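Quick one, structure for this:
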Amino acid sequence: MHVGCNRGELTVALGAGDGYLVHGLARNADDVATAREYIRSKGLGGKVSVALLTGGRLPYADDLVNLLVAEKLGTVPMDEVTRVLAPGGVAWIGGSLGKRPWEVRAGADGRWGEGSAIRQASGPWR
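The predicted model follows:
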């Protein structure tokens, strides 16, 4: 999933591989419309989708998301990120081309204990 998907370019790139479903959350209605049009233009409707993010709660069940990508979390608290991450899931937060993001990794049991980590990633976005 992609928090703050803006116009949808990265959201589409995340969904380009086989076997992935990607859901983007845009912060305003104009970005939702633009991202949806971009998704359609790439023929990825149904595989990649976008909705409006309202407030700080992510619209997912606990332990559902395998990969969460966000340049900025904005109104979404870190507790929400850890709530939605599946066991073994990873979140990449912050960073930009050439700058290292933060990596949030859920433990194998999906709980924040052994195997869990929040650290700066070893390399920049590429």
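
Mind listing what's buried along the biggest strand by length in the chain?
Among the segments of the chain that qualify as a strand by DSSP state E, the longest is strand 85-93. Judged by neighbour count (16 or more other C-beta atoms under 10 Å), strand 85-93 contains these buried residues: 85-86, 89-93. The way it works is simple: take the backbone N, C-alpha and C, and place the C-beta from them, glycine included.

What is the nearest of the residues you listed to residue 61?
For the buried residues of strand 85-93, the residue nearest residue 61 by C-beta to C-beta is residue 86; the value is 9.9 Å.

wait, isn't the closest one in contact with residue 67?
No. Residue 86 sits out of contact with residue 67 when judged by C-beta atoms under 8 Å, with a separation of 9.2 Å.

re earlier: with just CA atoms, put the longest strand of the chain into PDB.
Extracted in PDB, the C-alpha atoms of strand 85-93 (Å, rounded to 0.1, in the frame of the first residue of the first chain):
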ATOM      1  CA  LEU A  85       1.600  -4.500   9.100                       C
ATOM      2  CA  ALA A  86       1.200  -8.300   8.600                       C
ATOM      3  CA  PRO A  87       3.600 -10.700  10.300                       C
ATOM      4  CA  GLY A  88       7.000 -10.200   8.600                       C
ATOM      5  CA  GLY A  89       5.600  -7.000   6.900                       C
ATOM      6  CA  VAL A  90       7.800  -4.000   6.100                       C
ATOM      7  CA  ALA A  91       7.100  -0.300   5.900                       C
ATOM      8  CA  TRP A  92       9.400   2.200   4.200                       C
ATOM      9  CA  ILE A  93       8.800   5.700   5.400                       C
END
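
That strand pairs with which strands?
strand 65-70 (parallel), strand 102-105 (antiparallel) (DSSP bridges).

For these, which has the smallest mean pLDDT value?
Here the lowest mean pLDDT among these goes to strand 102-105, at a mean of 66.

Are we agreed that residue 59 is in a strand?
No. Looking at residue 59 with DSSP: H, G, I helix; E, B strand; the rest coil, it is coil, so not inside a strand.

Name the nearest residue to it, ignoring sequence neighbours.
Among residues not flanking residue 59 along the chain, residue 51 sits closest, at 7.0 Å (C-beta to C-beta, 6 or more residues apart in numbering).

Good, wrapping up.
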